[in-house]
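Chemist: got a structure for you, letters missing:
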């Protein structure tokens, strides 16, 4: 039976922390591993990008590009991965494959702004897809296998 007062860690599992500033004999005395004088020897200092008064490189270089705040972040999934899930029985081939069905099958960990199907891999099952988008090769492979593809929120091209 184990007694609480006899419990201990494995030898060498716990290493004592270095106590800095405790005399010359410790090897970490005087400056305590901080070098010498000045701002950086003090606690709580962060001088990111400071170049000693010279204009920092992030201000010397021109700005470039932009971030599109309206950009959609799609989950991308290959046909081969879907076919593997159908073969393993995680996806019901008779049901329409939607974002929620792919999450329930464990193929996607979380939903983003929708699912986009890509054409890598072989698709043999006849499946109906209802997704945000598909590549041309994926759409061709779905049609070839006898399935159907519905693209959600598709922008209508003006004639």
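Modeler: Perfect, I can see it now. Being a predicted model, the structure only gives us computed values, none of them experimental.

Chemist: so residue 101 touches residue 93, yeah?
Modeler: No. Proximity of residue 101 to residue 93 does not meet the contact threshold set by Cβ atoms under 8 Å, at 11.0 Å. C-beta: built from backbone N, CA, C; applies to glycine.

Chemist: which stretches of this protein form strands?
Modeler: Counting by DSSP state E, the chain has these strands, from start to end: 75-78, 96-97, 115-118, 128-131, 133-134, 148-151.

Chemist: and residue 106, which of these is closest to it?
Modeler: Proximity to residue 106 (Cβ to Cβ) singles out strand 75-78 among those, at 12.1 Å.

Chemist: and that closest one, what other elements does it pack with?
Modeler: Applying 3 or more Cβ pairs under 8 Å, 6 or more residues apart in numbering; DSSP states H and E, one finds that strand 75-78 makes contact with helix 99-104, strand 115-118.

Chemist: re the thing from before, please say which of residue 101 and residue 93 ends up with more neighbours.
Modeler: In terms of neighbours (other Cβ atoms under 10 Å), residue 101 is the more surrounded of residue 101 and residue 93; the figures are 19 against 13.

Chemist: what about residue 128, distance to residue 70?
Modeler: For residue 128, the distance to residue 70 equals 30 Å [Cβ to Cβ, to the nearest Å].

Chemist: ok, the two, which is more surrounded?
Modeler: For residue 128 versus residue 70, the count of surrounding residues by other Cβ under 10 Å is larger for residue 128: 15 against 4.

Chemist: and the more buried one, what are its bridge partners?
Modeler: Taking DSSP bridges as the rule, residue 128 bridges to residue 96, residue 148.

Chemist: let me see the contact set for it.
Modeler: Under the criterion of Cβ atoms under 8 Å, 6 or more residues apart in numbering, the contact partners of residue 128 comprise 95, 96, 97, 147, 148, 149, 150.

Chemist: for residue 109, same thing?
Modeler: Applying Cβ under 8 Å, 6+ apart, we find residue 109 in contact with residue 103.

Chemist: look up how far residue 103 lies from it.
Modeler: 8 Å.

Chemist: in TSV, list the strands of the chain along with mean pLDDT and distance to residue 58.
Modeler: Listed next are the strands of the chain as TSV, based on pLDDT from 0 to 100; distance: least, Cβ to Cβ, whole Å:
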stretch	mean pLDDT	distance to residue 58
strand 75-78	95	33
strand 96-97	94	46
strand 115-118	95	35
strand 128-131	95	41
strand 133-134	94	36
strand 148-151	94	42
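
Chemist: mean neighbour count, the ones you listed: which tops it?
Modeler: Burial of the strands of the chain is given as mean neighbour count (mean count of other Cβ atoms under 10 Å); strand 115-118 ranks first at a mean of 22.
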